[in-house]
Structures are given as C-alpha cells and as structure tokens.
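Participant: Give me the fold of what follows.
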Amino acid sequence: MHLPALPELPAVSYVMPVLNEETFLERAVRTILLQDYEGEKEIVLALGPSTDGSNRIAAQLAAEDSRVRLVENPERDIPAGLNRAIAMSRHPVIIRVDAHSELTPDYTRRGVETLAVEGAANVGGVMRAAGAGNVQRAIARGYNSPYGLGGGAYHGDGAPGEAESAYLGIFRREAVDAAGGYDREILRGEDWELNLRIRRAGGLVWFSPALGVTYWPRASFADLARQFFATGTWRAVLVRKYGRANPWRFFVPGVLVLGLAASTCALILLSTGVLPWASAWPALLTPMTAYLLGIGVATARIPDQRGARDRLLTAATLVTMHVSWGAGFLRGIVFGGGRFFGRGRVVDRSRV
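Facilitator: Take a look at the predicted model:
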C-alpha cells in the first residue's frame with residue numbers, strides 16, 4: 001500500500017457514532033476540541049435514533065462550534081455510522097473516537113507524528129478503563145487486566161510496534177478508502193476486521209503506548225453480560241468468515257463454556273446419584289475446579305483492590321466477561337450473527 005507523505009500539520013477529521021450517550025457525549029467532544037494539536041480539526045457525529053438527550057446535546061455542540069458537524073445514522077449500527085461520518089468528513093487523517101471515551105490532550109499530536117514517522121496506515125494506543133462506582137471500577141479492572149480480555153496489546157503498556165489491530169484508530173484516509181471502509185455487515189469487531197483488510201492490502205497497523213484513551217465501561221453486570229455476549233457472537237462471525245486469521249485466544253472462552261457445561265452436568269448427576277462417585281465420572285469436574293482456582297489466582301494478582309468486597313466484585317467481573325463472551329461465541333458459531341447486537345448502552349448517570 002503506497003501512502004504519500006503527510007504535510008507537517010495535516011488537517012484531521014474525528015468521526016464518532018452516537019447512540020444513547022447523553023451522559024458521556026459532551027465531555028467526549030470537549031476533550032477533542034481541547035486537543036493540543038495545532039492543525040485544522042473537524043468532528044463529525046453520526047447520530048443514531050437515540051431515546052435520550054444525545055441528539056439534543058449534539059445539536060447544541062454543533063451550534064456552539066462550527067467544527068462540530070452532524071450526520072444522521074438511521075441504521076443505528078456503528079459501522080454504518082462510521083462510514084456516514086467518514087463520507088461527510090474532509091481531511092486526510094481520520095481519527096475514530098467513541099462517545100464513552102476521552103482522549104488525553106496530546107493524543108492527536110502524538111498520533112499524527114507516529115503516522116508520519118512509521119509510515120503507518122493506522123495508529124492506535126492504550127485503552128485505560130476507568131470507573132466511578134464500586135461495580136464500574138471492578139469492571140474497569142477486568143478491562144485493564146490480561147485476565148479479563150486476554151492480553152491484546154492495547155489493553156496494556158507494551159512496547160511500540162506492528163500490531164494486529166488498534167483501539168479506535170488514527171487512520172490515513174487513503175488506507176480507509178482502499179480497504180472500502182467499515183463492513184456494514186459486521187456489527188461488532190468492526191475495528192479488527194477493517195485492520196485485517198488494511199494489513200492484507202499491505203498497510204502497517206502500529207501500536208503506540210504513548211497514546212492514551214480513557215474508556216468508561218458498562219456500570220452493571222447485566223449490561224456487561226449483554227455487551228460481552230454480543231461481542232462473542234460477532235467474534236464467531238469473524239471466525240466463520242476469516243478462519244485462521246483470528247488469534248487462538250479468541251477460541252478460549254468458547255472452550256471454557258463447554259468445559260463448564262460438562263462439569264455442571266456431571267456435578268448434578270453425581271450429586272443426585274445418577275452417576276457413581278467411585279468411578280471415572282468425577283474427572284469431568286476438572287474444568288470447573290481448574291477455572292475457579294484460576295479465577296482465585298487472577299483476582300489475587302489484579303492490582304488496585306481494597307478489601308474483600310473489591311475482590312468479590314473483580315471475580316464476578318471476570319466470570320461475567322468469560323462466560324458471556326464464550327456463550328455468545330458458541331451461539332455465533334452455530335447460528336451466525338443475524339441482527340443480534342447490543343444497540344447502545346443503558347443510560348448511566350453515575351458520572352453526570
């Protein structure tokens with residue numbers, strides 16, 4: 001993939017899909033407007049049919065600052081919204097942002113510098129999850145730990161280098177256009193899928209730990225479970241479509257759920273006397289026993305916990321992430337994605 005040299009301060013277009021984000025939207029937009037980057041900026045918000053005050057807030061922001069532009073996204077889906085925002089945007093660097101994320105002040109400046117220095121098609125940094133209440137903080141700990149999300153580069157502070165994918169992303173427009181934009185049929189995992197096509201076309205995806213984004217995750221276990229079930233479902237769709245291009249770690253939660261299901265069935269049958277304890281059948285309890293021990297070890301090693309309550313919440317977070325993701329993965333392997341998608345988050349006023 002041939003990418004022409006960037007000018008010293010290329011103009012940048014931020015693109016953001018918005019659906020039911022009234023708690024987060026204004027702060028997210030203001031972190032963009034306050035970036036210390038001296039080049040020209042614009043923000044394009046792709047507005048889905050929100051049922052809260054998101055669209056009203058977006059209209060107010062656009063009225064206050066001409067750099068904020070709006071486009072309708074009636075399909076609601078993230079890939080469709082991103083494509084609509086990209087189509088309306090005008091500048092050679094495209095920066096994907098989310099309404100529930102906040103950029104560090106130097107994010108744009110450092111990202112554009114890295115694009116130029118590395119000759120990359122896309123650059124991404126570290127997602128640092130944060131929480132306000134006890135449950136959201138526990139969920140953030142799960143996001144920030146390899147025990148929760150499996151150790152992808154952008155969930156830690158690893159060394160800079162070539163990457164499989166990027167969190168959000170600072171793109172060269174030529175690379176996005178050459179890849180054909182986001183696949184509107186992939187409703188989750190759309191970032192990984194676009195980066196795969198960019199890499200297959202010869203583009204470089206680069207990880208830079210100097211780039212930081214604060215992410216505010218779901219604030220309840222029910223919302224977390226729905227989100228991860230949807231994510232697992234769509235990862236299975238990508239496995240069906242791209243096979244071995246998917247890293248092995250994405251298969252682990254599905255295998256885990258199968259093992260836990262076998263252990264649960266065995267425990268019920270042993271406890272009711274259907275199967276004898278004095279036999280080989282208790283060996284089926286091994287997956288559950290090993291997993292619970294693993295959760296105990298992981299919970300003990302995850303930092304920033306205060307007392308037994310935090311540890312219990314952390315353990316609940318890890319189990320919710322693993323089991324929901326794995327169950328969704330198995331559903332997606334069998335049935336595909338269809339139109340299954342957790343559309344928008346439940347409004348959380350804990351940070352208002």
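Participant: Past the helix or strand harbouring I57, which element shows up next along the chain?
Facilitator: Assignment of secondary structure by DSSP states H and E places I57 within helix 54-64. Downstream of helix 54-64, the first helix or strand assigned by DSSP H and E is strand 68-72.
Participant: What residues of the next helix or strand after that next one count as buried?
Facilitator: Remark: after strand 68-72, the chain's next helix or strand is helix 78-88, criterion DSSP H and E. By neighbour count on 16 or more other Cβ atoms under 10 Å, the buried set for helix 78-88 is I78, P79, A80, G81, L82, N83, R84, A85, I86, M88. For every residue, glycine as well, the C-beta is placed using N, CA and C.
Participant: got it, and stretch 258-267?
Facilitator: Neighbour-count burial for stretch 258-267 flags G259, L260, S263, A266 (criterion: 16+ other Cβ under 10 Å).
Participant: now, among those, which is nearest to P217?
Facilitator: If you rank the buried residues of stretch 258-267 by distance to P217 using Cβ to Cβ, L260 comes first, at 23.8 Å.
Participant: Distance check, the closest one against F335.
Facilitator: L260 is 20 Å from F335, where distance means Cβ to Cβ, to the nearest Å.
Participant: picking that back up, want to throw the buried residues of stretch 258-267 into CSV with pLDDT?
Facilitator: Converted to CSV, the buried residues of stretch 258-267 look like this (pLDDT from 0 to 100):
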residue, pLDDT
G259, 97
L260, 98
S263, 97
A266, 97
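Participant: What is the nearest of those to E26?
Facilitator: The shortest gap between E26 and any of the buried residues of stretch 258-267 belongs to L260, at 42.0 Å (Cβ to Cβ).
Participant: Report whether the expected contact of the closest one with T289 is present.
Facilitator: No. Using Cβ atoms under 8 Å, L260 is not in contact with T289; the gap is 10.6 Å.
Participant: What is the lengthiest helix in the chain packed up against?
Facilitator: The longest helix of the chain (DSSP state H) is helix 307-335. If you count contacts as 3 or more Cβ pairs under 8 Å, 6 or more residues apart in numbering; DSSP states H and E, helix 307-335 packs onto helix 134-144, helix 146-149, helix 221-242, helix 252-271, helix 286-301.
Participant: I'd like the ones you listed written out as CSV, with distance to P49 added.
Facilitator: Listed next are the helices and strands packed on helix 307-335 as CSV, based on distance: least, Cβ to Cβ, whole Å:
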stretch, distance to P49
helix 134-144, 26
helix 146-149, 30
helix 221-242, 19
helix 252-271, 32
helix 286-301, 39
